[in-house]
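# what's the 3D shape of this:
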Amino acid sequence: MSHHLVLRVVANLLLPFILVFALYVQWHGDNGPGGGFQAGVVFAAGMILYALVYGVDALKKVIPAKTSIILMSLGVLIYAGTGLSSLFLGHDFLDYSGLAANSTQGQERGILIVELGVGIAVAGAMIAIFTAFAGRTPEIEDKEW
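Numbers count the residues shown, from 1 in each chain. Modelled structure (predicted):
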């Protein structure tokens, strides 16, 4: 494994910056380009980098398959829950103006909550898709190519 030393060092240096950038895109996506989908993909890309350097089994130890399923479900529940809370407050589905006393603050809160749900769902889905494809065993041996 010593022949992967440079890759591991570079990945260890880049991974925290990738994950922090994903958080930045998540929380500042409503003010500029970005948001939940982009943040989820950036976060998943960081985890995929980890899997490419340390192996898919190492990623499965960090984020098991059940965790990916929980993340996908949680993201959808956050998204739908925000819409349903608007309905229960007497507004239209995903009309965030009722989430705060001020309509503008309600819109800001609603967008942040919905984008958080999207980011969590996308990250879970991308990680699940990667581990499903990368974790399968090939039917043809490499030497048979």
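
# I129 sits in which helix or strand?
Secondary structure assignment for I129, by DSSP states H and E: helix 103-134.

# which parts of that helix are buried?
Judged by neighbour count using 16 or more other C-beta atoms under 10 Å, the buried positions of helix 103-134 are 106-108, 110-128, 130-131. No exception for glycine: its C-beta is placed from N, CA and C like everyone else's.

# what is the end-to-end distance of stretch 20-36?
Across its full length, stretch 20-36 reaches 14 Å between end residues, using C-alpha to C-alpha, to the nearest Å.

# what's next to it, contact-wise?
Contacts of stretch 20-36 with the rest of the structure, by C-beta atoms under 8 Å, 6 or more residues apart in numbering, involve 38-40, 42-43, 46, 108, 111-112, 114-123.

# next: stretch 122-133.
For stretch 122-133, the external contacting residues (C-beta under 8 Å, 6+ apart) are 22, 36-37, 39-41, 43-45, 47-48, 51, 56, 59-60, 63, 65, 67-72, 74-75.

# if you set the cut-off to 7 Å instead, what comes out?
36-37, 40-41, 43-44, 47-48, 51, 56, 59-60, 63, 65, 68, 71-72, 75 (C-beta atoms under 7 Å, 6 or more residues apart in numbering).
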